[in-house]
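Asks: 3D, please:
(one chain, ligands or ions: 1)
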Amino acid sequence: MNKFRFFIILLFLAFATGGFILFNNDRNVVQSKKINLNFEKAALQNSSLQYSLRWTLGRKPQRGWYLYVSLLQKTLKTEADAKSAEFAKAVYRWQVGRRLKASGVLNQKTLYSLIKYWQSKRIRPIYLAKENQLLTAHISNFYDPTRDVELLKVEKETFKAYKKMVAAAIADEDLNLKVDKDSNLSAEEQFFKLISTYRSPAYQAGLRKKEPNASRAQIAFKSPHFTGRALDIYVGGEPVTTKDFNRAIQVKTPAYKWLVKNADKFGFYPYFYEPWHWEYVPKSMKKAE
Ligand SMILES: [Zn+2]
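Replies: Numbering: from 1, shown residues only. Coordinates of the predicted model:
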């Protein structure tokens with residue numbers, strides 16, 4: 001009799017647990033379906049916001065974030081298309097990490113938090129390089145073979161890191177870069193060549209005089225180029241024009257995409273707004289701050 005009662009209790013327990021597991025599983029399925037559905041919705045919003053989101057840089061009104069998709073993918077640790085639910089999920093993860101309202105929608109607040117993060121990787125504060133920190137790089141490293149010898153200066157460690165990075169780019173067969181017999185970028189190759197490196201305050205002032213209509217943002221008073229650690233690297237299109245149509249060309253080139261993926265391994269970090277502008281900020285420099 002006791003055995004029988006025990007058996008009944010056992011049977012009851014078995015049913016109860018089974019039911020509970022089943023019920024709970026159902027709930028999980030419903031819940032994850034709901035979440036996935038929300039990511040689909042967020043993806044739909046992202047696919048339009050990438051061209052339409054209104055935001056400002058300084059006082060300059062901006063439209064959309066499509067020019068920054070490669071950078072976003074790098075930072076959000078996803079390779080998914082900006083229109084996909086997978087990308088929305090990555091945005092959601094970022095929002096959770098930054099304690100933003102987590103929706104998977106790349107809205108203004110989220111974009112600003114990403115920009116803040118990108119900007120935090122740059123040279124700060126800007127200082128003026130001492131003459132003994134600079135070297136004069138060979139003209140063959142430059143985009144313009146007629147560039148004045150006074151404009152070939154670059155900070156020593158930065159140049160070393162740049163050469164390492166270019167060697168890695170050359171080794172990447174997908175980029176198909178043209179090289180000479182010494183395995184340097186050949187004279188015909190434009191990608192990865194240096195457009196502008198160290199700029200003295202006097203030279204920067206001259207640039208402003210030449211283009212009195214250029215805005216403050218376009219020709220900075222306090223340029224990271226003063227440090228000799230900022231490099232303008234050719235990534236396609238007009239070398240240094242911020243017009244959206246030009247940047248749209250630049251951000252699609254294999255050279256730019258390669259830099260976004262790999263430059264940090266060599267200590268280089270981008271200025272998100274200028275696809276050509278990269279700053280050398282090695283770990284040792286970060287610690288010094
Ligand atoms: Zn620059």
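
Asks: now do the strand or helix carrying Thr110, average pLDDT.
Replies: Thr110 belongs to helix 108-120 when assigned by DSSP states H and E. Regarding helix 108-120, the rounded mean pLDDT is 98.

Asks: so which other helices or strands are in contact with that helix?
Replies: strand 54-57, helix 69-76, helix 85-97, strand 268-271 (3 or more C-beta pairs under 8 Å, 6 or more residues apart in numbering; DSSP states H and E). Where C-beta positions appear, they are placed from N, C-alpha and C, glycine not excepted.

Asks: how about it: buried residues?
Replies: Thr110, Leu111, Leu114, Ile115, Trp118 (16 or more other C-beta atoms under 10 Å).

Asks: next one: that helix to chain centre, how far?
Replies: On the basis of C-alpha atoms, centre = their mean, to the nearest Å, helix 108-120 sits 11 Å off its chain's mean C-alpha point.

Asks: show residues contacting it.
Replies: 53-55, 65, 68, 71-72, 75, 91, 94-95, 98, 100-101, 269-272 (C-beta atoms under 8 Å, 6 or more residues apart in numbering).

Asks: and if you look at stretch 247-260?
Replies: By C-beta under 8 Å, 6+ apart, stretch 247-260 touches 66-71, 74, 169, 172, 174-175, 191-192, 233-237, 241, 268, 270, 275-276, 278.

Asks: the helix holding Thr110 versus helix 69-76: what angle between them?
Replies: 80 degrees (axes from the mean of the first three to the mean of the last three C-alpha atoms, to 10 degrees).

Asks: and the next element down the chain from helix 108-120?
Replies: strand 134-136.

Asks: go through the helix or strand containing Phe245 and flag the buried ones.
Replies: Taking DSSP H and E as the criterion, Phe245 maps to helix 244-250. Under the neighbour-count criterion of 16+ other C-beta under 10 Å, helix 244-250 has Asn246, Arg247, Ile249, Gln250 buried.

Asks: what's the answer for stretch 121-138, then?
Replies: For stretch 121-138, by 16+ other C-beta under 10 Å, it's Lys121, Arg122, Ile123, Ala129, Gln133, Leu134, Leu135, Ala137.

Asks: swap in stretch 202-209?
Replies: Taking 16+ other C-beta under 10 Å as the criterion, stretch 202-209 shows Tyr203, Gln204 as buried.

Asks: what count of nearby residues applies to Leu259?
Replies: For Leu259, the count of nearby residues is 24 (other C-beta atoms under 10 Å).

Asks: and the stretch 101-250 of the chain, which of its residues are near the ion?
Replies: Near the ion, the residues belonging to the stretch 101-250 of the chain are Asp232 when assessed by C-beta under 5 Å from the ion.

Asks: got the domain boundaries for the chain?
Replies: 1-120, 131-288 (automatic domain parsing).

Asks: ok, and the closest non-adjacent residue to Lys101?
Replies: Gln95 (6.7 Å; C-beta to C-beta, 6 or more residues apart in numbering).

Asks: the residue lying closest to Arg122 once chain neighbours are set aside sits in which helix or strand?
Replies: Nearest non-adjacent residue to Arg122, counting by C-beta to C-beta, 6+ apart: Glu279, 5.2 Å away. Using DSSP H and E, Glu279 sits in strand 274-280.

Asks: equivalent analysis for Gln204, please.
Replies: Here Gln204 is assigned to helix 201-210, by DSSP H and E.

Asks: can you list the helices and strands that that helix packs against?
Replies: Against helix 201-210 (3+ C-beta pairs under 8 Å, 6+ apart) you get no helix or strand.

Asks: and that helix, what's its mean pLDDT?
Replies: 81.

Asks: so how far is the next helix or strand after that helix off the chain centroid?
Replies: Once the chain leaves helix 201-210, the next helix or strand it forms, by DSSP H and E, is strand 230-233. Relative to its chain's centre, strand 230-233 lies at 15 Å (C-alpha atoms, centre = their mean).

Asks: now do strand 230-233, average pLDDT.
Replies: Here the average pLDDT along strand 230-233 is 98.

Asks: paired strands for it, with orientation please.
Replies: strand 194-196 (antiparallel), strand 274-280 (antiparallel) (DSSP bridges).

Asks: list the contacts of the last one.
Replies: For strand 274-280, the surrounding residues in contact (C-beta under 8 Å, 6+ apart) are 121-123, 155, 157-158, 161-162, 195, 224, 229-235, 239-240, 242, 247, 250-251, 256, 259, 263, 267-271.
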